[in-house]
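Trainee: fold the stuff below for me.
(one chain, ligands or ions: 1)
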Amino acid sequence: MVRTRQPTEQTVQARINGISLAYHDQGRGVPLIFLHAFPLNRSMWVEQEQALSSRFRVVTVDLRGHGESDAPLWHYTLDQAADDVIGLLDHLSIRQAVFVGLSMGGYILLALYRRYADRVRGLVLANTRAQADSIEGREGRFQMAQTAYKTGPSSIADIMIPKLLSHETVHTKPELVGRVRAMIEGNQVSGIAGDLMAMAERPDFVPLLKQIACPTQIIASELDLPTPPADAQLMADGIPGARLAIIPGAGHLSNLERPDQFNETIRTFVSDVTGDASG
Ligand code: MLT
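Mentor: Numbers count the residues shown, from 1 in each chain. The predicted structure follows:
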């Protein structure tokens with residue numbers, strides 16, 4: 001299989017559901033599992049690994065189709081991504097965890113909760129939404145898959161960067177923009193197209209919200225275009241007892257644009273859920 005990214009020092013691979021998944025596992029304590037956005041990879045969580053692994057066990061994974069994991073040319077679904085994540089937890093002997101998913105990572109968490117609620121100690125749904133795609137949204141996914149197929153991942157970076165990062169970040173933080181571009185360009189077209197199909201086919205998760213019985217933290221950001229704060233409010237209204245934090249001045253990738261506020265929200269939430277007041 002063609003690889004576009006060299007394995008890093010920290011790469012560990014596990015054989016899960018017939019493919020190789022790359023992950024990073026560091027720290028000790030309550031396990032926190034981080035699921036990245038489309039079309040990125042686990043390195044979007046570096047600031048969270050650095051800030052949180054002194055206190056928690058932090059696991060980040062390249063989802064099927066991304067980064068250093070395999071990107072088979074086949075049909076992708078959110079349920080399959082959830083099965084991969086649970087397969088990784090089994091591999092790591094983690095029975096229950098707090099899960100953090102941003103955007104597509106959040107869609108996967110809703111699918112995961114529906115199948116594996118007993119594995120979930122708490123949920124952090126960041127910059128995501130419960131509604132399915134509109135007809136126009138699905139058509140846009142189809143067009144983006146054609147673009148990826150014809151002209152490759154760098155065209156997808158051109159389309160996605162203005163959606164993922166705020167206008168201010170795009171114009172003032174070239175290093176961060178370069179980092180996001182490198183993540184997107186490091187993916188294979190099979191993975192990008194597979195994700196687009198999986199997201200286009202995802203069900204309406206709104207009816208699931210009232211059944212979510214675990215502690216839930218929702219994170220939104222003020223300047224998020226793909227998943228504006230109204231989407232977060234809808235989840236907060238639907239999930240019993242959910243908390244909502246809105247990060248000012250950030251675009252869609254709130255963990256990269258405002259890592260301190262993002263990390264503090266997670267630290268407080270996990271401490272409250274687990275009764276761990278240390279640190
Ligand atoms: C993401 O950040 O994962 C995507 O913007 C999600 C989407 O396209 O719906």
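
Trainee: tell me where the model's unsure across the chain.
Mentor: Within the chain, the stretches with pLDDT under 70 are 1-10, 277-279.

Trainee: got the residues of it near the ligand?
Mentor: With CB under 6 Å from any ligand atom as the criterion, the chain comes near the ligand at residues Ala37, Phe38, Ser103, Met104, Met199, Pro226, His252. Heads up, the C-betas are built off the backbone N, CA and C, glycines and all.

Trainee: who wins on neighbours among those?
Mentor: Neighbour counts for those, by other CB atoms under 10 Å, peak at Ala37, which reaches 29 neighbours.

Trainee: quick one: the residue lying closest to that one once chain neighbours are set aside from Ser20, how far?
Mentor: What sits nearest to Ala37 in space, not counting adjacent residues and going by CB to CB, 6 or more residues apart in numbering, is Ser103, at 4.0 Å. Ser103 sits at a distance of 24 Å from Ser20 (criterion: CB to CB, to the nearest Å).

Trainee: hmm, Arg115 is touching Asp79, no?
Mentor: Yes: with contact defined as CB atoms under 8 Å, Arg115 counts as touching Asp79 (6.7 Å).

Trainee: settle it for me: which of these two has more neighbours?
Mentor: Comparing Arg115 with Asp79 by neighbour count (other CB under 10 Å), the higher total belongs to Asp79, at 16 against 13.

Trainee: what's next to the helix or strand hosting the more buried one, contact-wise?
Mentor: Applying DSSP states H and E as the criterion places Asp79 in helix 78-91. The contact list for helix 78-91 (CB atoms under 8 Å, 6 or more residues apart in numbering) reads 14, 16-17, 19, 21, 23, 31, 33, 35, 59, 61, 63-64, 95, 97, 99, 107-112, 115-116, 119, 198-199, 202.

Trainee: hang on, the earlier thing: isn't the residue nearest to Ala37 right up against Thr227?
Mentor: Yes: under the criterion of CB under 8 Å, Ser103 makes contact with Thr227 at 6.3 Å.

Trainee: quick one: common contacting residues for the two?
Mentor: Shared contacts of Ser103 and Thr227, defined by CB under 8 Å, 6+ apart, comprise Asn127, Thr128, His252.

Trainee: what would those residues look like in TSV with secondary structure and distance to Leu234?
Mentor: Formatted as TSV, these follow (DSSP: H, G, I helix; E, B strand; the rest coil; distance: CB to CB, whole Å):
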residue	secondary structure	distance to Leu234
Asn127	coil	13
Thr128	coil	11
His252	coil	17
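
Trainee: what are the ranges of the helices in this protein?
Mentor: For the chain, the helices defined by DSSP state H cover 46-52, 78-91, 104-116, 135-151, 153-164, 167-172, 174-185, 189-200, 206-209, 229-238, 254-257, 259-274.

Trainee: of the ones you listed, which stretch is the most buried?
Mentor: Of all the helices of the chain, helix 254-257 carries the top mean neighbour count, a mean of 26, counting by mean count of other CB atoms under 10 Å.

Trainee: which residues sit against that one?
Mentor: By CB under 8 Å, 6+ apart, the surrounding residues in contact with helix 254-257 are 44-45, 47-48, 102, 126-127, 165-166, 169, 176, 179-180, 219-221, 224, 247, 249-251, 261-263.

Trainee: for stretch 145-155, same thing?
Mentor: Contacts for stretch 145-155 (CB under 8 Å, 6+ apart): 39, 156, 159, 181, 184-189, 192-193, 196-197.

Trainee: and with 10 Å instead?
Mentor: Counting contacts by CB atoms under 10 Å, 6 or more residues apart in numbering, the residues outside stretch 145-155 that touch it are 4, 39, 144, 156, 158-160, 181, 183-197, 200.
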